[in-house]
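Trainee: Build me a model:
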Amino acid sequence: MSQNFDTEFVNTKMWDLFRKRFKSRTTEASYQSDIREFCRLSGKPFEETDSRDVKRYYETMKKRADAGEISGITLTKKFRELHSFASFLMEQESGEEAPGHDYFYPYLRNMVKESPLAGSIPVEHMDRLLRAASDDQMAYTMLTLLYRGGLTSTELTGLRGEEDLIEYRDGVYLSLPGRKEPCYIPEDAWKILKDYLDARTVHDTLFYNRSGRPLNSMYISRMMKKYCTLAGIPSYSAQDVRNSCAFNLFAYGADDTQAARQMGRTKQQIRRYRGSAYQDSLKKHAADLVKIRIEKP
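Mentor: Now for the predicted structure:
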């Protein structure tokens, strides 16, 4: 994503100052996405919004969370990022904190707190999810890239096609905006992706809806809800699938640097994905399920 933010939403001078605190382009992209979403729903530049705009935004996002389209943690993340940017703007204006102008913070008090360990999908549930989506080649391919490649929903929907692929001696990689290094695609995932590439109708993006238009996060949420329901498992998010990729890496001996590189995160961030309970579950079911090496549907 471009380092320059939309001038219709924020003061670019303020944004350039704010973005200096980010340690990765992935974090910057997350803030941009949530600020843009809030401003589009309010119909105003960020600095012109007020408590009524924040209230309407909260009510809209809460409905999405209650419907299972986003998780409670995602809702918290959005408000935490918006609160952080609002606080920064207040400090720039006054030289000190000016309580009463950050309308996001009061909502954070009663929101779901982020767990020290990231959420994931039990291995037996992931197997059932893949089986439920096995008749939908596009959905199966997207789940594969989330689970084996560690891509985010935004990265998935932004893929264009063959031009994003890089082939080295040790395998195939994806060039992803916002990541300093290409993302490795394991051999089993590459076979599934290649089959999809060979079968799809060429459009501007790799994945698209029935009208040939690019997908968005809402589409991914509905896809997850649909196949979780078919699989008879709880309603997991695409982020949960991506998190499972990191847990798998650690369960099979990857170190912090290797896992961080694959997931496009910092080493400090990636440590949230170390979980002994997940490793125990993985070992218990490893002989029976697809899990780590995904088979063609």
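
Trainee: Quick check, P45 in contact with W15.
Mentor: No. P45 lies out of contact with W15 (Cβ atoms under 8 Å); the separation is 11.5 Å. Bear in mind the C-beta positions are built from the backbone N, C-alpha and C, glycine included.

Trainee: Which one of these two is surrounded by more residues?
Mentor: Using other Cβ atoms under 10 Å as the criterion, P45 and W15 rank with W15 on top: 24 against 14.

Trainee: now the more buried one: how far from L89?
Mentor: 10 Å (Cβ to Cβ, to the nearest Å).

Trainee: and if you look at A65?
Mentor: 26 Å.

Trainee: What are the contacting residues of the helix or strand that V172 is a member of?
Mentor: If you go by DSSP states H and E, V172 is part of strand 171-174. Under the criterion Cβ atoms under 8 Å, 6 or more residues apart in numbering, residues 149, 151, 159, 164-167, 182-187, 190 lie in contact with strand 171-174.

Trainee: Quick one: the strands in the stretch 151-297 of the chain, in order.
Mentor: 165-168, 171-174, 183-185 (DSSP state E, counting those that start in this stretch).

Trainee: G212: neighbouring residues, count only.
Mentor: The local packing of G212 (other Cβ under 10 Å) involves 11 other residues.

Trainee: hmm, back to that, okay if I get the strands of the stretch 151-297 of the chain as TSV plus distance to F22, mean pLDDT and mean neighbour count?
Mentor: TSV is the format used below for those (distance: least, Cβ to Cβ, whole Å; pLDDT from 0 to 100; neighbours: other Cβ atoms under 10 Å):
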stretch	distance to F22	mean pLDDT	mean neighbour count
strand 165-168	25	87	13
strand 171-174	22	86	17
strand 183-185	19	84	22
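
Trainee: Show the end-to-end separation of stretch 141-156, please.
Mentor: 10 Å (Cα to Cα, to the nearest Å).

Trainee: lowest-pLDDT helix or strand in the protein?
Mentor: When the helices and strands of the chain are scored by mean pLDDT, DSSP states H and E, helix 276-285 comes last with a mean of 43.

Trainee: Low-confidence regions, the protein specifically.
Mentor: Scanning the chain with the threshold set as pLDDT under 70 gives 1-7, 68, 93-100, 112-120, 246-294.

Trainee: Just give me the residue closest to the centre of it.
Mentor: For the chain, the residue nearest the mean C-alpha position is T152 (3.7 Å; Cα atoms, centre = their mean).

Trainee: Quick check, that one in contact with R242.
Mentor: Yes. Between T152 and R242 a contact is recorded at 6.1 Å, counting by Cβ under 8 Å.

Trainee: Thank you kindly, that will do.
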